[in-house]
Each structure stands twice: as structure tokens, then as C-alpha cells.
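>>> Got a predicted structure here, sequence first:
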Amino acid sequence: MRLVTLILLLLLPLHCLAESGPPWMRHLLGDREFYEPWGIGMDFYTMDQQYQIRRLQFDLPGISIADPSQLAVENDIQHLDIKGDVWLTPFLNVFVLLGRLDAKTIVDLSTVTVTGLPFSLGKLPVHYDGTVYGAGATLVWGGEHWFSSLTGTWTDASLSGDFSSSVKSFSAQPRVGLVWDKWQFWVGGLYLDTEETHRGVIDLPLIGMVPFDVELEGADKWNTALGASYIFSPKTSLSFEVGFGNRDHTLFNFTYRF
């Protein structure tokens, strides 16, 4: 309920202007039906991807990792948010979001040579969760039976978990699709630039408590996406997208417009 209340408070100053407000430039639509300008929706997002090491430091005298870039790192995310948006023009939609993130990153130290030790260090699991907040915009262009769009989203997170963690990201989603009655189908991609850092003290087998600092980024920036949505009315819609390639993701969205 707190997430919904905050989103509504963010939208309230704009909604008070609804009689003379967006979408501006509505005359460009002619007689065509368009969405209601204001929206509040829910996103559920999952992602599995490979990370690569940008920096890894262990406070362990006499022991070092030969080539940290060869470490295998896996990241698994579940994300649920409430999103408020408004069509400023028939071609531009802007939005804010607030949600919950649950994630796990596993750094497999057994995949590299560790000098100074006669045994492998095993896996370093990092669990974290917290509040995600962000904003973005979507540009749209199309015709009666087709459309194209580009969405950019910036997010940051306030996290808690096993260690001191931070996650920031920027994503871009280009799409090209077909419109068939109340259905929309699209193909596109997801560009994702993520910066993830973790600092703390880890308990390593036979060694004990060891301070560490690791900075990670996505191993692959792009993956392919396929999706579909059903427009129940100018007020409600439901969409689903799957991404595949070197990174997998799923995205569910339900939006109510007013």
C-alpha cells in the first residue's frame, strides 16, 4: 500500500491539470482512438545473466587470484514494482516506478587459480534485497497496423542483505511490432548496463573472516526479446515479454488508465 500511495502522490499534481493537460498535440490523432492519458500499473520482472568482474579485492596477505576476469559469476533477479505514467504527447510517455528487488549473485572462485593456497576457495554467494526506484520515457511512432518504440529506464536501489551492496542500471528497449485488432506483437531487444558492488567480510573455509570488495557488470549488454499485449480497452492492458540469448528475462505488466 505504501508503494501505491507514493505513486499516486507523485501523479496527483499532474492529474489536477487533466482537463487541459496531456496528451498535448492530441490534434495529430485526428479521429483515431487513443489511450487514456494517465496510467498506474504493476510490473513483475525476472532475469538470469552472467556477470564479469570489474574489480575484486581480498584483504588476504600472501594470497591472490591469478586472473579475476576468468571468474564465473551468475546473477538471478526478481523485481516487482508499481509504475505511474502519463502520455505527454501521442508520441511520448514518461513514467516513474517504485518497487522491490530480491536477488542473488554467485561468484565461483573455484574456476580460477588462487596462488598461496593448496585448495579452492569455492563459491561466494551474495544475497540482497531492497527498494528500487527509477524513471524513464518511451518514444512511439506507428501506423494503423504497425508500431515502433524505444524505452529508456534509469534505476537505483536502496539495498540490505549479507553485505554493503549497491545496484544501478540503465536499460534501453527498442521494439518493432504489428497491431492486430486488440493484440500487439513485437520483436526487439534489451540493452542493459548494470553496475553492482558488494563490500563486506566473508567467512571462507579453513581461512576465516576475510574482507572483500567486488565490482561487477553484465557480461553481455544485449539480448533478444519477443512480446505480446492485449488491449482490453483504452483503460486496461496486459502484456508479456520473454528475452533470450546470453541473458534470459521475463516481464509481465498490467496497466489501468484514467
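In hand now; what should we look at?
>>> where does residue 151 land on pLDDT?
On the pLDDT scale, residue 151 is placed at 98.
>>> wait, isn't residue 128 in contact with residue 162?
Yes - counting by C-beta atoms under 8 Å, residue 128 touches residue 162, with 6.8 Å between them. For every residue, glycine as well, the C-beta is placed using N, CA and C.
>>> Which of the two has more residues huddled nearby?
Neighbour comparison, residue 128 and residue 162: the larger count goes to residue 128, with 21 against 15 (by other C-beta atoms under 10 Å).
>>> ok, now how distant is the more buried one from residue 164?
The gap separating residue 128 from residue 164 is 10 Å, by C-beta to C-beta, to the nearest Å.
>>> Which residues are in contact with each of these two?
Common contacts of residue 128 and residue 164 (C-beta atoms under 8 Å, 6 or more residues apart in numbering): residue 198.
>>> what sits against the closest residue to residue 153 other than its chain neighbours?
Excluding its sequence neighbours, the residue lying closest to residue 153 (C-beta to C-beta, 6 or more residues apart in numbering) is residue 136, at 3.6 Å. Counting by C-beta under 8 Å, 6+ apart, residue 136 touches 94-95, 97, 151-154.
>>> any idea of the pLDDT on residue 136?
Confidence score, pLDDT, at residue 136: 97.
>>> Would you mind listing the buried residues in stretch 46-62?
By neighbour count with 16 or more other C-beta atoms under 10 Å, stretch 46-62 contains the buried residues 47, 49, 51, 53, 56, 58, 60.
>>> ignore the last one, stretch 74-91
Of the residues in stretch 74-91, 74-75, 77, 79-88, 90 count as buried by neighbour count, 16+ other C-beta under 10 Å.
>>> need the next SSE after the helix or strand harbouring residue 132, C-terminal direction.
Assessed by DSSP states H and E, residue 132 sits inside strand 123-142. The helix or strand immediately downstream of strand 123-142 is strand 146-161, counting by DSSP H and E.
>>> any idea how far that next one is from the chain center?
5 Å (C-alpha atoms, centre = their mean, to the nearest Å).
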